[in-house]
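> Just a sequence and a predicted model for now, questions to come.
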Amino acid sequence: QQPVQSPQAVILREGEDAVINCSSSKALYSVHWYRQKHGEAPVFLMILLKGGEQKGHEKISASFNEKKQQSSLYLTASQLSYSGTYFCGTLSGNTPLVFGKGTRLSVIA
Amino acid sequence: GEEVAQTPKHLVRGEGQKAKLYCAPIKGHSYVFWYQQVLKNEFKFLISFQNENVFDETGMPKERFSAKCLPNSPCSLEIQATKLEDSAVYFCASSQSRSGNGNGYTFGSGTRLTVV
């Protein structure tokens, strides 16, 4: 079942912060986060495994609440290069990695 | 190599024609995944392989779609008798494991299929 992402789109000024949420109705094994720029391939950002961990990648970090089957991606002090569409992908049981519909992030100067 | 190589980048086919897409995974990656991305950006899982064996084909429209991963050859995705609705970008991804633990899935740059 497809995870639900919110918001669908967000516009930020450089230096502002954003949070993108991903939730599932199924018990999750892991959550992946990818960023895709227009006309390009999705690029892997990070993976969260069940256990409620939080990970960081420069100014981008994420958390995974196993009890709520939710993950959040945190972008701090956004840069122009952060613009793109962010997808979460969820794995549960033996199902393939299922992607959400994406959150379009636009960072403006 | 360290990238997933997909060919061709663009493919135009008339309705009813055959289309064949290729994917060379990263060396050492045992898993290959095919996804279809349509205009609204949604990814649809098609099929996955563990080496040359089909691992999961629950997303494949079996009547027209087929795929293979043979030893020492690029993986392929073939669509017989294409339809307008097959127009999409087809992404191949590879990983060391089904779960992608550690480094996630590495995606190729995609093949844009246009059916006219």
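Yep, it's here. Residues are numbered from 1 along each chain as shown, chains lettered A, B, ... in the order given.
> Name the surrounding residues that touch stretch A:100-109.
Stretch A:100-109 is contacted by residues A:2-14, A:18, A:20, A:22, A:36, A:75, A:78-90, B:40-42 when judged by C-beta atoms under 8 Å, 6 or more residues apart in numbering or on different chains. Glycine gets a C-beta too; all of them are placed from N, C-alpha and C.
> Now name the helix or strand holding the closest residue to chain B within chain A.
Among the residues of chain A, A:Phe44 lies closest to chain B, at 3.3 Å counting by C-beta to the nearest C-beta. In the assignment (DSSP states H and E), A:Phe44 maps to strand A:43-49.
> tell me which strands and helices that strand is in contact with?
Here strand A:43-49 touches strand A:30-36, strand A:54-57, strand A:60-65, going by 3 or more C-beta pairs under 8 Å, 6 or more residues apart in numbering or on different chains; DSSP states H and E.
> hmm, back to that, verify the stated contact: the residue of chain A closest to chain B with A:Gln36.
No. Judged on C-beta atoms under 8 Å, A:Phe44 makes no contact with A:Gln36 at a distance of 10.7 Å.
> before we move on, the earlier item: count residues in the vicinity of the residue of chain A closest to chain B, would you?
When neighbours are defined as other C-beta atoms under 10 Å in any protein chain shown, A:Phe44 has 21 of them.
> Could you measure from it over to A:Lys59?
Remark: distance between A:Phe44 and A:Lys59 (C-beta to C-beta, to the nearest Å) = 17 Å.
> hmm, who's touching the strand holding A:Phe44?
A:29-36, A:54-55, A:57, A:60, A:62-64, A:71, A:73, A:86, B:100-107.
> if I read this right, B:Gln37 contacts B:Cys92, doesn't it?
No. Using C-beta under 8 Å, B:Gln37 makes no contact with B:Cys92, being 11.5 Å away.
> Common neighbours of these two, please.
In terms of C-beta under 8 Å, 6+ apart, B:Gln37 and B:Cys92 are both contacted by the residues B:Gly110.
> Looking at those two, which is more packed in?
Neighbours per residue, other C-beta under 10 Å: of B:Gln37 and B:Cys92, the larger number sits with B:Cys92, 30 against 20.
> dump the residue contacts of that one.
B:4, B:6, B:21, B:23, B:25, B:32-35, B:75, B:77, B:107-108, B:110.
> out of these, who's nearest chain A?
B:Phe107 (4.0 Å).
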